[in-house]
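K.L.:
What follows is a protein structure lacking sequence information:
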Ligand SMILES: Nc1ncnc2c1ncn2[C@@H]1O[C@H](COP(=O)(O)OP(=O)(O)OP(=O)(O)O)[C@@H](O)[C@H]1O
């Protein structure tokens with residue numbers, strides 16, 4: 001069976017625009033070779049180059065199959081826009097009694113590891129993804145976690161949304177994580193164990209994330225945090241199909257992914273991309289959730305579908321995937337998120353919708 005070196009030699013034969021090859025141009029990331037399977041990421045600096053690299057991706061796939069690999073997974077990613085700057089925001093992690101945050105060595109390259117590494121004590125890892133930003137993925141993660149905790153499950157949230165870590169605010173977590181030697185002790189809020197990259201940065205510190213740094217930081221969040229015994233760890237992913245998604249699925253045994261979308265066509269187009277990415281990475285899709293599904297006027301009870309209706313359930317049906325839940329558009333969701341009092345911790349129809357979703361996951365044996 002071909003080795004990692006054989007793969008690299010083969011990829012060095014694949015030309016890319018500009019006259020170099022995939023290896024010399026340093027476009028190959030997260031290469032994994034095992035048995036009859038090879039996977040890696042072609043990381044393009046922007047979307048235009050990502051498109052221009054399609055012939056190279058196809059050629060690489062052809063060559064690797066010819067080498068004898070039955071399963072070849074190659075995903076091309078592009079940084080969306082300029083390299084994102086991540087700045088710890090005031091209020092998040094700038095909390096009471098805050099000392100220096102535990103030393104997360106940002107920029108540290110990932111420690112090579114053979115493949116997905118289980119987190120001791122964590123039964124399931126469920127990724128919460130979306131194609132498009134702003135569809136309510138973080139809000140869903142928070143409220144689902146709280147609903148699961150209310151149902152008696154031991155639940156953790158890993159906020160890996162590096163472009164806008166919002167779990168500390170949404171969960172109203174004001175404590176900072178502590179460090180004990182090499183271990184990082186996460187924070188607790190509403191019965192949920194939570195750790196966020198946002199909590200690891202000093203206030204005002206600007207960090208330009210690059211692919212290998214991200215992978216290193218994520219690996220530390222997964223393996224260095226004292227998660228304890230958890231039925232499920234929900235991972236709040238950044239929007240899109242980038243490095244974090246890929247790293248997570250390659251570094252951790254992800255049980256499955258939940259895709260959040262609004263019924264709007266434009267959100268659905270991006271949701272399809274997210275579904276395709278998880279498919280390519282071999283991560284099972286547990287199902288879709290329609291967020292901002294229906295707006296019920298609090299005065300007259302009239303139901304309005306501001307973002308359309310039924311789009312997500314139609315998409316789920318077309319893909320043969322379950323529709324796991326529908327969460328209404330409700331002011332209480334936003335107010336609860338802004339105040340750090342998740343609506344799922346209260347009573348009412350919206351909390352019931354999150355509870356149903358939690359029940360569904362528990363019923364499916366995922367939490
Ligand atoms: N069901 C809902 N009803 C009302 N407001 C909602 C609902 N879901 C989310 N929101 C609000 O929409 C905004 C975006 O939500 P959120 O930050 O969770 O999205 P996101 O997909 O995680 O965004 P990003 O990917 O950019 O971080 C927030 O202000 C949130 O309070």
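P.N.:
Yep, that arrived. In this text the structure is predicted, and so the values were computed from the model without any measurement.
K.L.:
Tell me how this protein divides into domains.
P.N.:
Using automatic domain parsing, the domain parsing of the chain gives 4-78, 85-363.
K.L.:
Is it possible to get JSON lines of the ones you listed that adds mean neighbour count and mean pLDDT?
P.N.:
From N, CA and C alone the C-beta is placed, and that goes for glycine too. What follows is the domains of the chain, written out as JSON lines (neighbours: other C-beta atoms under 10 Å; pLDDT from 0 to 100):
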{"stretch": "domain 4-78", "mean neighbour count": "17", "mean pLDDT": "86"}
{"stretch": "domain 85-363", "mean neighbour count": "19", "mean pLDDT": "83"}
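K.L.:
Let me have these in JSON lines, extended by distance to the ligand.
P.N.:
As requested, the domains of the chain are arranged in JSON lines below (distance: least, C-beta to the nearest ligand atom, whole Å):
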{"stretch": "domain 4-78", "distance to the ligand": "16"}
{"stretch": "domain 85-363", "distance to the ligand": "3"}
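K.L.:
which residues in this structure form helices?
P.N.:
Ranges of helices within the chain are 4-11, 47-52, 54-66, 137-150, 167-170, 211-223, 243-251, 265-281, 311-319, 331-339, 349-363, based on DSSP state H.
K.L.:
ok, and what's touching the third one?
P.N.:
Read that as helix 54-66. Outside helix 54-66, the residues that touch it by C-beta atoms under 8 Å, 6 or more residues apart in numbering are 7, 10-11, 13-16, 22, 38, 42, 72, 74, 76.
K.L.:
and the longest strand for this structure?
P.N.:
strand 285-296 (DSSP state E).
K.L.:
Give me the angle between that strand and helix 311-319.
P.N.:
150 degrees (axes from the mean of the first three to the mean of the last three C-alpha atoms, to 10 degrees).
K.L.:
Listing partners with orientation, what would you give for strand 285-296?
P.N.:
Partner strands and pairing direction for strand 285-296 (DSSP bridges) are strand 256-261 (parallel), strand 303-304 (antiparallel), strand 323-329 (parallel).
K.L.:
Point to the residue nearest the middle of this structure.
P.N.:
In the chain, the C-alpha nearest the mean C-alpha coordinate belongs to residue 237, at 2.2 Å (C-alpha atoms, centre = their mean).
K.L.:
Pairing partners for the residue nearest to it when sequence neighbours are not counted in the sheet, please.
P.N.:
Spatially, and ignoring its direct neighbours in sequence, residue 237 is nearest to residue 129 (4.6 Å; C-beta to C-beta, 6 or more residues apart in numbering). Counting by DSSP bridges, residue 129 is bridged to residue 259.
K.L.:
Go ahead and confirm residue 129 touches residue 257.
P.N.:
Yes: under the criterion of C-beta atoms under 8 Å, residue 129 lies in contact with residue 257, with a separation of 5.4 Å.
K.L.:
Overlap in contacts, those two.
P.N.:
274, 278.
K.L.:
Residue 5 and residue 59: what is the separation?
P.N.:
Per C-beta to C-beta, to the nearest Å, residue 5 is found 19 Å from residue 59.
K.L.:
Equivalent analysis for residue 344, please.
P.N.:
According to C-beta to C-beta, residue 344 stands 48 Å off from residue 59.
K.L.:
Equivalent analysis for residue 335, please.
P.N.:
52 Å.
K.L.:
same thing with residue 13?
P.N.:
For residue 13 relative to residue 59 (C-beta to C-beta), the value is 9 Å.
K.L.:
try residue 31
P.N.:
The value you get for residue 31 to residue 59, if C-beta to C-beta is used, is 16 Å.
K.L.:
can I get the helices of the chain in CSV with distance to residue 198?
P.N.:
Output for the helices of the chain, formatted as CSV (distance: least, C-beta to C-beta, whole Å):
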stretch, distance to residue 198
helix 4-11, 35
helix 47-52, 26
helix 54-66, 33
helix 137-150, 11
helix 167-170, 6
helix 211-223, 11
helix 243-251, 14
helix 265-281, 22
helix 311-319, 28
helix 331-339, 15
helix 349-363, 23
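K.L.:
between the ones you listed, which gets nearest to residue 120?
P.N.:
Across the helices of the chain, residue 120 has its closest neighbour in helix 211-223 (9.2 Å, C-beta to C-beta).
K.L.:
Next, the angle helix 243-251 makes with the closest one.
P.N.:
50 degrees.
K.L.:
Can you tell me which helices and strands helix 211-223 packs against?
P.N.:
Judged by 3 or more C-beta pairs under 8 Å, 6 or more residues apart in numbering; DSSP states H and E, helix 211-223 is in contact with strand 28-34, helix 243-251.
K.L.:
got a list of contacts for the first one?
P.N.:
To tie it back to what came earlier, the one meant is strand 28-34. In contact with strand 28-34 (C-beta under 8 Å, 6+ apart) are residues 2-4, 7-8, 11, 22, 38-43, 114-115, 211-212, 215, 243, 246-247, 250.
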